[in-house]
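Asker: Dropping a prediction and its sequence here:
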Amino acid sequence: MPTTAVAATGANALFDAMEDLPDELETGPLDVGSKIYSADGKLLATFFAENRIPVKLENISPSMRDAIVAIEDNRFYDHGGVDVKGVARALASNLTNDSTQGASTLTMQYVNNVLIDQGVAEGKSAAELTVSGTKNITDKIREAKLSLAVEKEFSKDEILEGYLNIVLFSGRTYGVEAAAQAYFGIPASQLNVAQSAMLAGMVQSPNTFNPIANPEGTRDRRNMVLSAMLKYGKIDQQQYDDAVATDLQLNPQSAADSGCIGAEMADYFCSYVEEVVLASDEFGVDEKARAKLLARGGLNIVTTLDSRLQEEAEAQINAQVPAGDASGAGSAMVSVEPGTGKILAMAQNTKYSPEEGPANTQLNFNVDSEMGGTDYGFQPGSTMKPFTTVAWLENGGSVDDIVDATRTTYPAGFDWKASCLPDDAYFDEWKFKNATPGYERQMSVAEGLTSSVNSATVAQASQLDLCSIRDAATRMGVHRAVDGEPLEVNNPSFVLGGQEVSPLTMAAAYATFASGGQYCEPIALAEVTDSRGNAYEVPEQECSQAISEEIAKEVSEPLQKLVNSSPGGISPLGVPAAAKTGTTDVSEQTWTVGYTKGISTASWVGNWTSYATLNGLPINGVTRSYVDGSTIAGAQWADYMRAVAPLYDTGELVDRNRMKAVTPQPEKTEEAEETEEDTEETAAPKPSAPAPAAPVAPAPVPTVQAPVPAVPEEPAPEKPAPAPPAPAPAPGTVVTPPVIAPPASQ
């Protein structure tokens, strides 16, 4: 060490400090962002704390290597890690005046960058990254000692490669590859002499020599680098003259956004994947550790998403309810694969962004509240009806059974069977109506499901145990979006869709019919590895036989007839397909959920900012007096499924010899007749002896207040209220009182 340094610090203190310093540098892999890919290899998004793309030295242009050596350390290939002459000169200058002169070699700069990178990853401040809290001679000695060790362990080219990959160029842009792409739109391998000189000049002071903010200063600095390259024989006079005569040659690219905000496609699926990672113990002990791994651990996350289906879903949603549509209506679609639970597509008509704007939100319409969805989910309307039919069949009935669908009022104290509730549970009066007059009559279970007759479904439910309907739905994955719990049965209106669910829940549930009764939990991750070569466990496929194959086919029969009858915007797909529409009381939420053998899709169109009707709104420039599940949600479901169904299995869903002609719809002017008194039960025959059903875990017993007030016929919108949802109301109408809508700012 130079004698001036020894004199200034004291020889003993200096030697003691050297003894306490580490003997080797723990380099390890660089902090690298994580990437999320579709199943077919399309990049969806990148998460990073530092925007860095590591590359090998051979993939960095020779002119870039020459430029950085010429301006930062022209004796790089001659010294052993510490340039003794340079250090002596700098220390003497710094000790005798107030100026600060650097003397770091490229090796010492590399060491310093590694220490900073490791410290930042551990959450340390700038002061903590030095020996004493402020960078002093001892810190320089530490860099020198570690540099000597690095030079013994690595070749010069390896050190240069490490330096060019770790050094900061500007903002969050680290490493020459990211810098070349950011400022010139080319890889580092294609950098010419002038471009290389500009980037090499930036590392001394990235903020000062930023070509966007300070083009003149950056050009002067670039020319200084070119002079150094000429001086040390890296370029000849002609190359120098040509380079100095050029402008900065900038072709700046949009700054890369970290995370789902910068997603190339499927931004809301990206958000769901992020939530899955942050919630999994496999990726860290807590959410903070998992977020750090996602930003710095170099994860390669391969998902289940099929980019072909995703592109089609986004196109169809945009065709029906474009982002930022004046109506304010929301639209979403999600597909899962029957028999595996793989999420194949997830799209909605907004942009994933925290910024204010009618087309912006970070709420994911397709998923439950805890996974980034809306506060409560959406009421599914008549798409809940097939689960009552499942319970009917499991109790020994048939879709050919005739039920008395004349009743639209059930009096207070009606003997609803609910074995999972207390014996003294009391139900208030329930009045409802059918969407179209003329269906209050005798009909088959199949006709009631195909034509979506409320009174037919409730007639079935009145003869069943409400808890068995709930349990059938639970086995098929149906749960409340707000808390993940099973549907509540203290209000029989749940059989007509009175409790909120998410589209992903419904797509996965209907996939059970397509797969022959097998329910599979939705999964999004296929494979996860990191930059160190480690593999992480991803959730395994979890499937169970929720209902029998026979029941799955029997329910599919009336649902296939619905598609073939071409209601609203729905029309046959050209392959076997089944679906059910759903509409809430005044068209606040509308649905079509349906499936082929290989794809199950939930399509939703509704109001997500307030509890208001879609009727009379100019949606995509078209105003309709009445909007139901077959109108817009049905059209985008049918157009999407028609396009993508051939990419997966399109086999038969039902027994062909059981398919019958579609029952003609009655005239809308036909009046219903009262055939019984309100205090009596329906006269329809009850199902025969119960058939064996799949085992169901005991359900929690909710508390039911008795009596509870009746619900108004058509509840008015309510203003937003604080987070905890109100307890389920007593029966009164088809649709329960309005859920609390999130404020528009969300």
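Answerer: Sure thing, it's come through.

Asker: Okay, residue 463 and residue 649: tell me how far apart.
Answerer: Noted for residue 463: a distance of 36 Å to residue 649, by CB to CB, to the nearest Å. (C-beta placed from N, C-alpha, C; glycine too.)

Asker: Which helix or strand contains residue 149?
Answerer: Assigned by DSSP states H and E, residue 149 belongs to helix 137-153.

Asker: How far away from the center of its chain is stretch 447-459?
Answerer: 36 Å (CA atoms, centre = their mean, to the nearest Å).

Asker: Next, the buried residues of that stretch.
Answerer: 447-459 (16 or more other CB atoms under 10 Å).

Asker: Just the terminal-to-terminal distance for it.
Answerer: 13 Å (CA to CA, to the nearest Å).

Asker: go on, stretch 542-553?
Answerer: Using CA to CA, the two ends of stretch 542-553 sit 22 Å apart.

Asker: Quick check: the two most widely separated of the buried residues of stretch 447-459?
Answerer: 450 and 458 (16.4 Å; CB to CB).

Asker: picking that back up, out of the buried residues of stretch 447-459, who's nearest residue 543?
Answerer: Scanning the buried residues of stretch 447-459 for proximity to residue 543, where the rule is CB to CB, the winner is residue 449, at 25.4 Å.

Asker: who touches the strand or helix carrying the closest one?
Answerer: Using DSSP H and E, residue 449 sits in helix 445-450. By CB atoms under 8 Å, 6 or more residues apart in numbering, the residues outside helix 445-450 that reach it are 385-386, 389, 392, 397-401, 403, 405, 453, 455-457, 459-460, 555, 557-559, 561-562, 565, 580, 660, 662-663.

Asker: same deal with stretch 206-221?
Answerer: Residues outside stretch 206-221 that contact it (CB under 8 Å, 6+ apart): 168-171, 183, 198, 201-202, 204, 247-248, 250, 252.

Asker: can you give me the end-to-end distance of that stretch?
Answerer: With CA to CA, one end of stretch 206-221 sits 11 Å from the other.

Asker: One more: stretch 404-422?
Answerer: End-to-end distance (CA to CA), stretch 404-422: 28 Å.

Asker: Next, the contact list for the nearest residue to residue 181 once chain neighbours are set aside, please.
Answerer: Nearest non-adjacent residue to residue 181, counting by CB to CB, 6 or more residues apart in numbering: residue 253, 6.2 Å away. By CB under 8 Å, 6+ apart, the contact set of residue 253 is 181, 182, 183, 185.

Asker: Narrow these to just the buried residues.
Answerer: 181, 182, 183.

Asker: Angles on the backbone of the second one, please.
Answerer: Which is residue 182. Dihedral pair for residue 182: phi -70, psi -40, per degrees, to the nearest 10.

Asker: Tell me who's in contact with it.
Answerer: Residue 182 touches 51, 169, 170, 173, 252, 253, 255, 256, counting by CB under 8 Å, 6+ apart.

Asker: what's the distance between the fifth one and residue 211?
Answerer: Same thing as residue 252. 8 Å.

Asker: Show me the strands in the stretch 51-200 of the chain, by range?
Answerer: Along the stretch 51-200 of the chain, counting by DSSP state E, counting those that start in this stretch, strands occupy 51-52, 168-170, 173-174.

Asker: Figure out how far the first one is from the centre of its chain.
Answerer: What separates the centre of strand 51-52 from the centre of its chain is 22 Å, taken as CA atoms, centre = their mean.
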